[in-house]
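Chemist: Dropping the sequence and predicted coords here.
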Amino acid sequence: MASYILANTEVTDPHELQKYVDRIGATIKQYGGKYIVHGYSSHPETLEGDWKTKIITIIEFPSAEQAKVWYDSPEYSAIKGIRERSSISSILLLHGV
């Protein structure tokens, strides 16, 4: 069953984050994932509640296990620090139904 990585990201260093953006797509594809919502092209609109959204990204994987394999992979681990240094992010794993 499909699962999703959801990221809500506030960019603190756009130049540095671009290095991450340039490399993450290949890691996602390598592990069977695909973008559902790509952060820079999304424009979230709060319909209810107190969401403080910035940039939203949603990535679909065939399963929760595969999403975790990608997240813990050497390829993603090699660039994850770039995101951590250049943004403030909240990351969720959502299980599909």
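Modeler: Sure thing, it's come through.
Chemist: For the residue nearest to Ala64 when sequence neighbours are not counted, give me its contacts.
Modeler: Using Cβ to Cβ, 6 or more residues apart in numbering and skipping residues adjacent in sequence, the residue nearest Ala64 is Ser3, 4.0 Å away. Using the backbone N, CA and C atoms, a C-beta is placed for each residue, glycine as well. For Ser3, the residues meeting the contact criterion (Cβ atoms under 8 Å, 6 or more residues apart in numbering) are Glu60, Phe61, Pro62, Ser63, Ala64, Gln66, Ala67, Leu93, Leu94, His95, Gly96.
Chemist: Check the gap between Ser3 and Ala67 for me.
Modeler: Taking Cβ to Cβ, to the nearest Å as the measure, Ser3 falls 5 Å from Ala67.
Chemist: Between the two, which contacts overlap?
Modeler: Contact criterion Cβ under 8 Å, 6+ apart; residues bridging Ser3 and Ala67 by contacting each: Phe61, Leu93.
Chemist: thought Glu75 was touching Gly33?
Modeler: No. Because the distance of 11.7 Å does not satisfy Cβ atoms under 8 Å, Glu75 is recorded as not touching Gly33.
Chemist: Which of these two has more residues huddled nearby?
Modeler: Using other Cβ atoms under 10 Å, the more surrounded residue of Glu75 and Gly33 is Gly33, with 21 against 15.
Chemist: Now do the residue of the chain positioned farthest from its centre, the pLDDT please.
Modeler: Largest separation from the mean C-alpha position in the chain: Glu48, at 22.8 Å (Cα atoms, centre = their mean). Each residue has a pLDDT score; the one for Glu48 is 92.
Chemist: Over to Pro44?
Modeler: Among the per-residue scores, Pro44 shows a pLDDT of 83.
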